[in-house]
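A.B. asks: Below is the sequence, then the predicted model.
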Amino acid sequence: MADEKALDRMPRLLGLVPYLLRNPGADLAETAARFDVDPETLEKDLELLTLTGLPGGMPDDLIDIDWESDGIYLSNADLVSLPARLSPEEGAALVLALDYLESVAGDEEEVVRRVRAKIQAAAGASDAVAVSAPRLPEDMAPAIRRALREGSGLAIEYYVPSRDEVTRRVIVPRALRLVGGLRIDAWCHTAQGERTFLVENLRSAVPAPEAPPAPAGTSPRQDTPDAHDSPGETVHVTFDPAGAWIAEEIPGAVLETDVDGSGAVRATFTAYSQEWFSGLMLRHGAHVRAVEPDSWIRGALSTVEDTLALHS
């Protein structure tokens with residue numbers, strides 16, 4: 001216990017006061033065992049508690065403890081006698097973790113429900129911890145959980161926002177993560193590489209028992225926010241002030257506001273498809289001031305010309 005950190009010791013100290021008030025005359029050894037420490041450590045805790053209380057340090061301001069006779073007796077501790085409660089933020093974090101656990105496990109809903117209720121009660125305000133994690137779609141959850149558990153394959157339909165298209169893939173899920181949404185790290189047989197798939201972009205997922213296992217020596221890739229089969233290219237698009245909202249809708253865009261002091265917004269993002277970029281320009285080109293590199297805007301203009309030629 002010599003190297004015990006203050007943050008590890010504090011919860012025990014906060015728990016000791018209400019426990020000793022509820023159990024006057026508590027045995028030193030039994031109390032130490034209840035708090036999972038040795039008697040010597042507990043005595044050091046009691047010594048420290050005698051130095052706590054109200055500001056001023058006068059005798060009547062400090063907690064009084066006697067543990068030299070037939071047990072531990074504590075008095076003058078009314079102001080610190082309430083058990084420590086979870087803060088709303090701590091409760092929310094625990095509820096979020098439970099939702100994630102339920103999404104992964106799937107067969108312990110009743111247990112999770114009871115634990116969630118206890119956490120909300122311990123936090124003291126259930127409304128303050130009314131949070132929920134993204135969940136696996138009900139129609140896909142059994143197949144995804146089984147694939148994760150057994151290391152088997154899945155045939156999925158996956159929407160790629162940057163290309164505005166639905167791709168069909170065969171994957172072997174590795175792990176389910178909650179990072180900016182629920183994500184599946186997987187080996188993608190279609191792309192022959194590690195990919196990360198955002199669950200909300202899944203359109204279907206069914207077992208693919210014929211899929212071979214992931215190649216030996218590969219490991220989950222957790223550094224990409226979405227699945228792409230090409231490296232893409234960094235593009236800078238500057239929107240006028242009226243089009244600032246458009247920049248905020250581009251997946252993964254980094255925004256620079258008030259460009260040139262005019263209120264314009266420059267969005268920097270990775271473009272993977274000329275078709276998707278051309279669609280963006282056709283819908284919102286009236287609000288675009290500049291595009292770098294200009295090859296992307298030339299491609300968009302070519303798309304416009306081809307479209308007009310079809311109607312001429």
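C.D. replies: Sure thing, it's come through. Numbers count the residues shown, from 1 in each chain.

A.B. asks: residue boundaries of the strands in the protein?
C.D. replies: Remark: strands assigned in the chain by DSSP state E are 64-66, 73-75, 154-160, 165-178, 182-188, 193-198, 202-207, 233-239, 254-259, 264-271, 288-292.

A.B. asks: Indicate which one of the ones you listed is closest to residue 148.
C.D. replies: strand 165-178 (4.9 Å; Cβ to Cβ). Where C-beta positions appear, they are placed from N, C-alpha and C, glycine not excepted.

A.B. asks: picking up where we left off before, tell me which of the strands of the chain is the most buried.
C.D. replies: Most buried of the strands of the chain by mean neighbour count (mean count of other Cβ atoms under 10 Å) is strand 182-188; its value is a mean of 24.

A.B. asks: what angle sits between it and strand 202-207?
C.D. replies: Strand 182-188 and strand 202-207 are oriented at 60 degrees to each other (axes from the mean of the first three to the mean of the last three Cα atoms, to 10 degrees).

A.B. asks: starting at the chain centroid, how far to strand 182-188?
C.D. replies: 15 Å (Cα atoms, centre = their mean, to the nearest Å).

A.B. asks: other SSEs contacting that strand?
C.D. replies: Using 3 or more Cβ pairs under 8 Å, 6 or more residues apart in numbering; DSSP states H and E, the elements in contact with strand 182-188 are strand 165-178, strand 193-198.

A.B. asks: Can you check which of those gets nearest to residue 18?
C.D. replies: So among the helices and strands packed on strand 182-188, strand 165-178 is nearest, using Cβ to Cβ, at 34.2 Å.

A.B. asks: about what we covered before: what's the closest of the strands of the chain to residue 111?
C.D. replies: Once the strands of the chain are compared by Cβ to Cβ, strand 165-178 is nearest, at 18.9 Å.

A.B. asks: Quick one: mean pLDDT over the closest one.
C.D. replies: For strand 165-178, the mean pLDDT works out to 87.

A.B. asks: Direction included, what does it pair against?
C.D. replies: According to DSSP bridges, strand 165-178 forms sheet pairs with strand 154-160 (antiparallel), strand 182-188 (antiparallel).

A.B. asks: would JSON lines of those with distance to residue 49 and mean pLDDT be doable?
C.D. replies: Shown next, in JSON lines, are the strands paired with strand 165-178 (distance: least, Cβ to Cβ, whole Å; pLDDT from 0 to 100):
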{"stretch": "strand 154-160", "distance to residue 49": "56", "mean pLDDT": "91"}
{"stretch": "strand 182-188", "distance to residue 49": "45", "mean pLDDT": "86"}
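
A.B. asks: looking at those strands, which is closest to residue 28?
C.D. replies: strand 182-188 (49.0 Å).

A.B. asks: Can you check what angle separates the closest one from strand 193-198?
C.D. replies: Using the same axes, to 10 degrees: strand 182-188 against strand 193-198 is 160 degrees.

A.B. asks: Which one of the strands paired with strand 165-178 lies nearest to residue 47?
C.D. replies: Of the strands paired with strand 165-178, nearest to residue 47 by Cβ to Cβ is strand 182-188, at 48.7 Å.

A.B. asks: quick one, helices of the stretch 51-200 of the chain?
C.D. replies: 88-105, 109-123, 141-150 (DSSP state H, counting those that start in this stretch).

A.B. asks: Redo the helices and strands packed on strand 182-188 as CSV? Include distance to residue 149.
C.D. replies: Shown next, in CSV, are the helices and strands packed on strand 182-188 (distance: least, Cβ to Cβ, whole Å):
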stretch, distance to residue 149
strand 165-178, 9
strand 193-198, 17
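
A.B. asks: domain ranges for this protein?
C.D. replies: Per automatic domain parsing, the domain ranges recorded for the chain read 6-80, 88-129, 134-229, 233-310.

A.B. asks: weakest of those in terms of mean pLDDT?
C.D. replies: domain 88-129 (a mean of 67).

A.B. asks: Now do the same contact list for residue 264.
C.D. replies: Contacts for residue 264 were tallied using Cβ atoms under 8 Å, 6 or more residues apart in numbering; they are 238-241, 244, 258, 289.
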